[in-house]
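Visitor: pasting the sequence and the predicted model now:
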2 protein chains.
Amino acid sequence: MKEQSLETIEFELAVLVRHITSIASNKKNWTLDRSAYLLLHQIFAHGSAGVKALADEFRLDISTVSRQAAALEQKGYVCRIPDPLDGRAFSFQITDLGKKELVENKQERLARVTDKLQDWSDEECQRFGQLLRKFNRTFK
Amino acid sequence: MKEQSLETIEFELAVLVRHITSIASNKKNWTLDRSAYLLLHQIFAHGSAGVKALADEFRLDISTVSRQAAALEQKGYVCRIPDPLDGRAFSFQITDLGKKELVENKQERLARVTDKLQDWSDEECQRFGQLLRKFNRTFK
DNA sequence: CTATATAGTTGCATAATACAATTATAAAGT
DNA sequence: ACTTTATAATTGTATTATGCAACTATATAG
């Protein structure tokens, strides 16, 4: 019944995060960490945005995003555009280099997942993706 | 097709970890963080174990687990038992207080998940749990 | 115009982690 | 038997992601 499934989900989520963060800790030499990856993805997929909007999107402190965005800018993956209507605000736009980096990073991540799920059926993959997406929406 | 599903999984996993870690960052006042929770769970569920075995289980550095275990011991959630056959080694056993804490913490976590998934069908919950567990096994 | 709100940055503290050095003990080689 | 090497665990140090608080500069409201 549902109670039992919820307990499984609760526990397996904790384990999942443990596993994924431990991979992240070991691959320090990656060009983009998860934060940078998601930030760049967001800027790419939803157009330019300011630090405030990005922080809200990811439920991070503005200061954290400010630093992450500055790091992306420093690497030349995004450029900063002053808002013509508001002298305080900026927005970020992904650069060609940033797009290249994003695609390459996505490929690496995809390859890792593909490798893990090589024995999974199409149906399982599809369902897992759907459910993950649906679960992520519960955070909004 | 599968490729598309894999891309979804890849991206949604990154988002999921982002969401969950951001919850964890905000609730600093929790009695058990994820590491402590999993560690205590492991010691509870699979009997006493040494730092080395626990570190292998979670793919963490021995030093990290050593500190985490020391913290659990300090709070009285586990006790340290010298290995009679090996003067270097210890194992940890969960205490009654530790069990109490583990159960309470599990309830809190479960309540959070239950709240999120209140509109999900039994089938969805069951499937999500199964797939999460199956996915976690790919890390072994 | 003054007071308050907002966008963003920067300084500081914290927490989880890995890596390196160290200690103590066990096991293996000669 | 003694020396070397391997192993369990701890501790010191550095890094990294993060939040909070203080601050700056600009915008908006009273």
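Guide: That came in fine, so what should we check first?

Visitor: and the pLDDT for the residue most central in space within chain A?
Guide: Among the residues of chain A, the one closest to the centroid is residue A:38, at 2.5 Å (Cα atoms, centre = their mean). In this model, residue A:38 is scored at 94, pLDDT.

Visitor: do the one 10 residues further on as well
Guide: What the model reports for residue A:48 is a pLDDT of 89.

Visitor: same deal with residue A:139?
Guide: Listed pLDDT for residue A:139 reads 86.

Visitor: look up how far chain B lies from it.
Guide: Using Cβ to the nearest Cβ, to the nearest Å, we find residue A:139 at a distance of 4 Å from chain B. Every residue, glycine included, has its C-beta placed from N, CA and C.

Visitor: ok, that residue touching residue B:19?
Guide: Yes: look at residue A:139 against residue B:19 with Cβ atoms under 8 Å: they come within range, at 4.3 Å.

Visitor: got the phi and psi for residue A:139?
Guide: When read as degrees, to the nearest 10, the backbone of residue A:139 gives phi -90, psi -10.

Visitor: and the helix ranked longest in chain A, anywhere near DNA strand D?
Guide: Assignment by DSSP state H gives helix A:2-26 as the longest helix of chain A. No: Helix A:2-26 does not reach DNA strand D (Cβ under 7 Å from any atom of the strand); its nearest approach is 8.1 Å.

Visitor: can you tell me the helix or strand for the closest residue to residue A:5 other than its chain neighbours?
Guide: Leaving aside its chain neighbours, residue A:5 sits nearest to residue B:125 (3.8 Å; criterion: Cβ to Cβ, 6 or more residues apart in numbering or on different chains). Following DSSP states H and E, one finds residue B:125 within helix B:122-137.

Visitor: ok, back up a step: now the residue nearest to the centre of chain A, what's its secondary structure?
Guide: Here residue A:38 is recorded as helix under DSSP: H, G, I helix; E, B strand; the rest coil.

Visitor: surely it meets residue B:16?
Guide: No: contact criterion Cβ under 8 Å: residue A:38 and residue B:16 do not qualify, at 10.8 Å.

Visitor: residues contacting the closest residue to residue A:124 other than its chain neighbours?
Guide: Residue nearest to residue A:124 in three dimensions, not counting chain neighbours: residue B:131, with 6.7 Å by Cβ to Cβ, 6+ apart. Counting by Cβ atoms under 8 Å, 6 or more residues apart in numbering or on different chains, residue B:131 touches A:124, A:127-128, A:131.

Visitor: where in chain A is pLDDT low?
Guide: For chain A, applying pLDDT under 70 flags the ranges A:27-29.

Visitor: get me the contact residues on it for DNA strand D.
Guide: Near DNA strand D, when you scan chain A using Cβ under 7 Å from any atom of the strand, you find A:28, A:33, A:35, A:59-61, A:63-64, A:67-68, A:86-88.

Visitor: count of neighbours near residue A:75?
Guide: Counted with other Cβ atoms under 10 Å in any protein chain shown, residues neighbouring residue A:75 total 16.

Visitor: rewinding a little: show me which of the residues of chain A next to DNA strand D are buried.
Guide: Neighbour counting by 16 or more other Cβ atoms under 10 Å in any protein chain shown classes A:35, A:60, A:64, A:68 among those as buried.

Visitor: can you tell me the SS state at the second one?
Guide: Okay, so that is residue A:60. At residue A:60, secondary structure determined by three-state DSSP is coil.

Visitor: wait, it sits on residue B:21?
Guide: No: Residue A:60 sits out of contact with residue B:21 when judged by Cβ under 8 Å, with a separation of 9.7 Å.

Visitor: care to break chain A down by domain?
Guide: A:1-30, A:32-137 (automatic domain parsing).

Visitor: quick check: end-to-end length of the longest one?
Guide: Looking at domain A:32-137, the gap from its leading to its trailing residue is 24 Å under the measure Cα to Cα, to the nearest Å.

Visitor: can you tell if that domain touches DNA strand C?
Guide: Yes: using Cβ under 7 Å from any atom of the strand, domain A:32-137 reaches DNA strand C at A:50-53, A:62-63, A:66-67, A:69-70, A:80, A:83, A:86, A:88-91.

Visitor: for residue A:35, which non-adjacent residue is closest in space?
Guide: Closest residue to residue A:35 apart from its sequence neighbours, by Cβ to Cβ, 6+ apart: residue A:68 at 5.4 Å.
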